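Undergrad: test case, fold it:
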Amino acid sequence: MRQTDNTETREQPEQTAGIWRAFKAAFPHTIPIFAGFSFLGLTYGIYMHVSGFSFIYPLLMSLTIFGGSLEFVAVSMLLGRFAPLQTLVMALMLQARHLFYGISMLDRYRGMGWKKFYLIFGMCDETFSVNYTARIPQDVDRGWFMFFVTLLNQLYWVSGATLGGILGSLIAFDTEGLEFVMTAMFVVIFLEQWRKEKRHDTAWIGLASSAACLYLFGADSFLVPSMICIVAGLTLFKGPIEKAGGLV
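TA: This next block holds a predicted model:
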């Protein structure tokens, strides 16, 4: 009994050290997202205040919905007539891209235990980009790394949205254009991934699919078709790309 107790006592500091090591490895990857979420979350909170909602609404919505575009649209839904079916369809359309994110993360989330449920809930665009592309050090637990990336990103969004709701009545400036921060961040992430890759087969598939669907379906409806084309292209050319070492 004493030997078992001593083993457990030794394991606890090792587990704590491993968790802290994962946090330190994850945090630098989330700094660009902190910059984007702070501005956009602040804008969302101010928008909620201007629309007549207290800071409790952006706080609770950012905690439970955690979908930036959907949360902005939800403001007009809350102000409009009661239409649950329309709300459901709109939410599915706006968040349908996460179906494709989820498929690509099935293997990576396998064996994560209880953390998997939060990783699934908290997988936004930016978290997916980091967890899918980051090179995690061998001495860092992958599950805890992805958990902290997800948790930190949500905390950035929740804090920004709540602060915007609280300070909305005190800040008076034109916030038009702040949403471009997120577009700029995705461009930076794409360029960083481009620099890491020796071959750019997957990037060209994504660019070609997006450009073609944008031309065919227009700016308002191209996202889901482009995701389908990207998945189809990666599936079709998976063998050659893997042989060439161009698929993560």
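Undergrad: so residue 214 is in contact with residue 223, correct?
TA: No: counting by Cβ atoms under 8 Å, residue 223 is not a contact partner of residue 214; they are 9.1 Å apart. Yep, even glycine has a C-beta here, placed from its N, CA and C like the rest.
Undergrad: give me the buried positions along the stretch of helix or strand residue 153 belongs to.
TA: Per DSSP states H and E: residue 153 is located in helix 142-167. The neighbour-count check on helix 142-167 (16 or more other Cβ atoms under 10 Å) flags 142-154, 156-166 as buried.
Undergrad: look up how far residue 209 lies from residue 92.
TA: 21 Å (Cβ to Cβ, to the nearest Å).
Undergrad: what about these two, which has more around it?
TA: Using other Cβ atoms under 10 Å as the criterion, residue 92 and residue 209 rank with residue 209 on top: 21 against 11.
Undergrad: what's the spacing between that one and residue 191?
TA: The gap separating residue 209 from residue 191 is 19 Å, by Cβ to Cβ.
Undergrad: same check, this time on residue 42
TA: 26 Å.
Undergrad: which one of the two is surrounded by more residues?
TA: Higher neighbour count among residue 42 and residue 191: residue 42, with 23 against 10, using other Cβ under 10 Å.
Undergrad: which residues does the more buried one contact?
TA: By Cβ atoms under 8 Å, 6 or more residues apart in numbering, the residues touching residue 42 are 160-161, 163-164, 167.
Undergrad: show me which residues of stretch 219-237 are buried.
TA: Buried residues in stretch 219-237 (16+ other Cβ under 10 Å): 222-223, 225-227, 229-231, 233-234, 237.
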